[in-house]
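Chemist: requesting a structural model of the entry that follows:
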Amino acid sequence: MPSIIARELIEIRHEWVCSQCNYQFYNPGCILDGLTLNEIIQHLKKMREQAFAKHVCSTTAPVLSRTAHL
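Modeler: Numbering: from 1, shown residues only. Alright, predicted model coming up:
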């Protein structure tokens, strides 16, 4: 019986990846004018976590895409 491993969003060398399939989550190139640095960081974190929650790991070999999923 295969074991079920919980996947996590992990940071490796300043890049956020899925711990199970190594899919990379990139920060979007959006403009966040008028926000403080802390607000920008919190906004990007929320967007990254939402994208990770929607992410479905591929059943094939990992492919590192440059497409933003945020």
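
Chemist: the strands in this protein, which residues?
Modeler: Taking DSSP state E to define them, one finds strands in the chain at 9-12, 15-18, 24-25.

Chemist: quick one: those as TSV, columns for mean pLDDT and mean neighbour count too.
Modeler: Glycine gets a C-beta too; all of them are placed from N, C-alpha and C. TSV is the format used below for the strands of the chain (pLDDT from 0 to 100; neighbours: other C-beta atoms under 10 Å):
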stretch	mean pLDDT	mean neighbour count
strand 9-12	90	12
strand 15-18	90	18
strand 24-25	88	18
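
Chemist: now distance to residue 55 too, for these, in CSV please.
Modeler: Compiled in CSV, those are given as follows (distance: least, C-beta to C-beta, whole Å):
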stretch, distance to residue 55
strand 9-12, 9
strand 15-18, 6
strand 24-25, 8
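
Chemist: identify whichever of those strands lies nearest to residue 52.
Modeler: strand 9-12 (4.6 Å; C-beta to C-beta).

Chemist: now residue 38: how far from residue 46?
Modeler: Using C-beta to C-beta, to the nearest Å, residue 38 is found at 13 Å from residue 46.
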